[in-house]
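Asker: sequence unknown, structure follows:
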């Protein structure tokens, strides 16, 4: 994949300073092609990036230390493709976020990114067999109609969504909350390899970034941002699942929730969503009939 010189400069900056586009607005306003990236004084970097002088000094030092690093070659050796926010493969839906990722790092079929027929399926890491049974009714019509299923490769509902899609012969995208050199949770290593080989894995973090508590809520805005609608299976009333829903609602996405038994605490999330206006779902054709791509 061919990158411009400006995009190559962004890769160098993002490797050391992996922030969203909104944090780089001032720098791009003064230097649209990042031609001055290696020549700014520490004081100027601090001003343009709105960081402390100590951080700017550290960043400037590292930029020069790694100035000859062949980032593209290193990523290629690991079968990773970096996609800057200015590249044609970058999904237009993500550009509508307040804080779009500056770079996406992907493994697999990157053409899935430019297909906007995507549905997110999310839920609790402690999802029960009820989620699995629900997905057996929801996923097949979506796959039949060439919809791509997006989820987060977490335990429980995410894993069920990916596996159900693959089993039905569909395409799936896993959005990670860490760099591609790490797989979390470890029990999903085999599933991750299948997705990276035949589907798509993506993250906004450079490969070295390890899983951290704060990175997963950030990941949730990408899951909802990529998708035309969000399906919630089982979820507690307060969870990462609900943060994904909030991002989706902020951008006018349709929310579907699987009604659950009132005796289960994992029904609290979807049942509350239905009470607040989400569409109860029991069959994938409900989504197919409603969406107009």
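Answerer: Done, it's in. Remember, predicted model here, so these are calculated numbers, not experimental data.

Asker: show me where the stretch 1-150 of the chain has helices.
Answerer: Assigned by DSSP state H, counting those that start in this stretch, the stretch 1-150 of the chain shows helices spanning 5-16, 25-30, 42-49, 53-65, 71-77, 129-144.

Asker: Could I get those helices in TSV, plus columns for mean neighbour count and mean pLDDT?
Answerer: Where you see a C-beta, it was placed from the backbone N, CA and C, and this is true even at glycine. Converted to TSV, these look like this (neighbours: other C-beta atoms under 10 Å; pLDDT from 0 to 100):
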stretch	mean neighbour count	mean pLDDT
helix 5-16	19	96
helix 25-30	14	97
helix 42-49	17	97
helix 53-65	15	96
helix 71-77	14	94
helix 129-144	19	97
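
Asker: want to throw the ones you listed into CSV with distance to residue 187?
Answerer: Shown next, in CSV, are the helices of the stretch 1-150 of the chain (distance: least, C-beta to C-beta, whole Å):
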stretch, distance to residue 187
helix 5-16, 29
helix 25-30, 40
helix 42-49, 38
helix 53-65, 35
helix 71-77, 26
helix 129-144, 16
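
Asker: Report the contact partners of residue 83.
Answerer: Residue 83 makes contact with 1, 89, 90, 103, 104, 105, 106, 110, 113 under the criterion C-beta atoms under 8 Å, 6 or more residues apart in numbering.

Asker: what about 10 Å?
Answerer: 1, 3, 7, 89-91, 101, 103-106, 110, 113, 202 (C-beta atoms under 10 Å, 6 or more residues apart in numbering).

Asker: low-confidence ranges in the protein?
Answerer: Along the chain, the model assigns pLDDT under 70 to residues 292-293.

Asker: switch to 90 and redo it
Answerer: Residues of the chain that meet the criterion pLDDT under 90 lie in 1-2, 116, 213-214, 216-217, 236-244, 246-252, 290-293.

Asker: Check which residues of stretch 229-241 are buried.
Answerer: Residues of stretch 229-241 classed as buried: 229, 230, 231, 232, 233, 234, 235, 236, 239, 240, 241 (neighbour count, 16 or more other C-beta atoms under 10 Å).

Asker: Which pair of these spans the longest distance?
Answerer: Using C-beta to C-beta, the buried residues of stretch 229-241 reach their maximum pairwise distance at 229 and 236, which is 21.5 Å.

Asker: these two touch, right, residue 271 and residue 237?
Answerer: Yes: between residue 271 and residue 237 there is a contact under C-beta atoms under 10 Å: 9.1 Å.
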